[in-house]
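Visitor: coordinates only, no sequence provided:
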Ligand SMILES: CC/C=C\C/C=C\C/C=C\C/C=C\C/C=C\C/C=C\CCC(=O)N[C@@H](Cc1ccccc1)C(=O)O
Ligand SMILES: [Zn+2]
Ligand SMILES: [Zn+2]
């Protein structure tokens, strides 16, 4: 049995038409948020002044949210925010919406406009955080503010968790909120966080966009490789130096891809559900992976994004060595950022890495590591997944396919596996290859209509979560 209304977007009780004044105010509110440089550099180095200012800012632009009697607001870990919206029906299990206020650094170079200007031009709001993830944070609060201004009282309780250090691990924000909710014995029906998008233009020959809701995310290892050698005068160098040994080791890692894990994990499900979107012969190929799996797997390896879906990836992200032009360096260090395919574990990947490096002069230090996240349900009974699907169909009627997939990046939602088995990572936005590169890159921007649609999506989603969710009757029961 599926959920009632499945396949038929239900009309929300309150129309998601916003007045010109409301639409103006919502874009101005986002611009203001972008102007506050809440940059995270490391867990120990966040912009505390900006984060404090951001906390004041959201109180100012969303006054109704912060003064409503059935909403409790708590500041956690100094700069994260937890809102508890008490619904009128305590028998309904609560859910949680998530976003984060911090952003990655954005040096001015290469940007069309300064990254913290929040300037509007060509129908876009420009700046760091417009896609990752102040858009979501502001859209959640904006949608709630608009609902409250229309006297909406939610039936189902929900939490809004707004982390302030997602970009540097979430240890002071999401982890603390999670511990607090666990101490309060909270169990959640589901969580919705950032993650995948409505993807457009990522797959050759697939002209239509499709929505991908991430039901899992890759694991991760940050690994430091280190070589120590005796220092000395560069005029009489040894045959090998710490730099040379380490460079050869990381080069071997870069040149030796991890095994292709196509066929294990949620990817098969993604491709099968996507098959009908393709024309002949791709539709037949994708519907018969038992036969064509090896071909599809080879094709996916060729592109750097789809490659990340079929295997564990190893990215060399930092390299440090040397103290002076004429000194043989005592130590060389490199950081490898590894993203683990859902079918592998931290231990398996570490064993593979050590075998590839195969040099006992190279020392390994695991800085951080976690396994891939469990796969959340995406069947007809999966409330969170079905609510997302229904809301996508209502807000984006041109998107005919919604598929479960994996998130290649990590999100704060991974800190909440103690509260629910149903975690969905989805941004109600179109993503094109160019906008994908702008996330953590340059010229990050969101179109004004896209942001309005994101607000509309959450405005309807909250109402959909309050609609009756009894299983749909079988045909013969009608
Ligand atoms: C069959 C399917 C075919 C095609 C799919 C095509 C394309 C998939 C394309 C894009 C994927 C879509 C979206 C992914 C975009 C961004 C990743 C999402 C969230 C990442 C957020 C983030 O950056 N997190 C940080 C968190 C972190 C920071 C510090 C330490 C640990 C974690 C990260 O992951 O680095
Ligand atoms: Zn993010
Ligand atoms: Zn990010």
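Guide: Looks like it came in fine. None of the values given here were measured: they were computed from a predicted structure. Ligands and ions are numbered 1, 2, ... in the order given.

Visitor: how many neighbours does the residue in the chain that ligand 1 sits nearest to have?
Guide: As assessed by C-beta to the nearest ligand atom, ligand 1 sits closest to residue 409 within the chain, at 2.5 Å. Any C-beta I mention is one placed from the backbone N, CA and C, and that applies to glycine too. Neighbour count for residue 409, taken as other C-beta atoms under 10 Å: 17.

Visitor: which residues of the stretch 151-300 of the chain lie near ligand 2?
Guide: residue 194 (C-beta under 5 Å from the ion).

Visitor: can you pull out the strands in the stretch 151-300 of the chain?
Guide: With strands called from DSSP state E, counting those that start in this stretch, the stretch 151-300 of the chain shows them at 158-163, 191-199, 210-217, 219-228, 232-233.

Visitor: can you put these in a markdown table and add mean neighbour count, mean pLDDT and distance to residue 173?
Guide: Formatted as a markdown table, those follow (neighbours: other C-beta atoms under 10 Å; pLDDT from 0 to 100; distance: least, C-beta to C-beta, whole Å):
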| stretch | mean neighbour count | mean pLDDT | distance to residue 173 |
| --- | --- | --- | --- |
| strand 158-163 | 25 | 98 | 3 |
| strand 191-199 | 25 | 98 | 13 |
| strand 210-217 | 25 | 98 | 17 |
| strand 219-228 | 20 | 98 | 18 |
| strand 232-233 | 12 | 96 | 47 |
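
Visitor: dump these to JSON lines, plus distance to residue 429.
Guide: Compiled in JSON lines, those are given as follows (distance: least, C-beta to C-beta, whole Å):
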{"stretch": "strand 158-163", "distance to residue 429": "18"}
{"stretch": "strand 191-199", "distance to residue 429": "5"}
{"stretch": "strand 210-217", "distance to residue 429": "10"}
{"stretch": "strand 219-228", "distance to residue 429": "24"}
{"stretch": "strand 232-233", "distance to residue 429": "56"}
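
Visitor: nearest to residue 400, of these?
Guide: Closest to residue 400 of those, according to C-beta to C-beta: strand 210-217, at 7.9 Å.

Visitor: packing partners of the closest one?
Guide: strand 191-199, helix 383-395, strand 402-407, strand 423-431 (3 or more C-beta pairs under 8 Å, 6 or more residues apart in numbering; DSSP states H and E).

Visitor: so what's the spatially most central residue of the chain up against?
Guide: By C-alpha atoms, centre = their mean, the chain has its centre lying nearest to residue 195, at 2.8 Å. The contact partners of residue 195, taken as C-beta atoms under 8 Å, 6 or more residues apart in numbering, are 213-214, 217, 407, 409, 411, 413, 424-427.

Visitor: is it true that the residue of the chain closest to ligand 1 touches residue 217?
Guide: Yes. Counting by C-beta atoms under 8 Å, residue 409 does reach residue 217; the two are 7.2 Å apart.

Visitor: average pLDDT for stretch 346-363?
Guide: When pLDDT is averaged over stretch 346-363, the result is 98.

Visitor: secondary structure element holding residue 60?
Guide: According to DSSP states H and E, residue 60 maps onto helix 48-61.

Visitor: hmm, who's touching that helix?
Guide: Identification of contacts with helix 48-61 by C-beta under 8 Å, 6+ apart yields 29, 32-33, 36-39, 66, 75, 78-79, 81, 101-102, 137-138, 141, 164.

Visitor: show me which of these are buried.
Guide: 29, 32-33, 36-39, 66, 79, 81, 101-102, 137-138, 141, 164 (16 or more other C-beta atoms under 10 Å).

Visitor: and the chain, which residues reach ligand 1?
Guide: Counting by C-beta under 6 Å from any ligand atom, the chain comes close to ligand 1 at 167-169, 194-197, 199, 202-203, 220, 270-271, 305-306, 309, 407-411, 431, 436, 439.

Visitor: domains of the protein?
Guide: Following automatic domain parsing, the chain resolves into domains at 3-215+374-467, 218-370.

Visitor: most neighbours per residue, which of those?
Guide: Mean neighbour count, computed with mean count of other C-beta atoms under 10 Å, is highest for domain 3-215+374-467 among the domains of the chain, reaching a mean of 19.

Visitor: distance-wise, check the residue lying closest to residue 137 once chain neighbours are set aside relative to residue 427.
Guide: Residue nearest to residue 137 in three dimensions, not counting chain neighbours: residue 99, with 3.7 Å by C-beta to C-beta, 6 or more residues apart in numbering. As judged by C-beta to C-beta, to the nearest Å, residue 99 and residue 427 stand 10 Å apart.

Visitor: just residue 280 next, same as before
Guide: 32 Å.

Visitor: ok, now residue 388?
Guide: In terms of C-beta to C-beta, residue 388 sits 11 Å off from residue 427.

Visitor: just to revisit the earlier point, residue 108: which of the strands of the stretch 151-300 of the chain is closest?
Guide: Closest to residue 108 of the strands of the stretch 151-300 of the chain is strand 191-199 (C-beta to C-beta; 25.2 Å).

Visitor: between that closest one and strand 402-407, how many degrees?
Guide: Put simply, strand 191-199 runs at 110 degrees to strand 402-407, going by axes from the mean of the first three to the mean of the last three C-alpha atoms, to 10 degrees.

Visitor: what angle do strand 191-199 and strand 210-217 make?
Guide: Using the same axes, to 10 degrees: strand 191-199 against strand 210-217 is 140 degrees.

Visitor: excluding its backbone neighbours, what's nearest residue 436?
Guide: residue 305 (7.4 Å).
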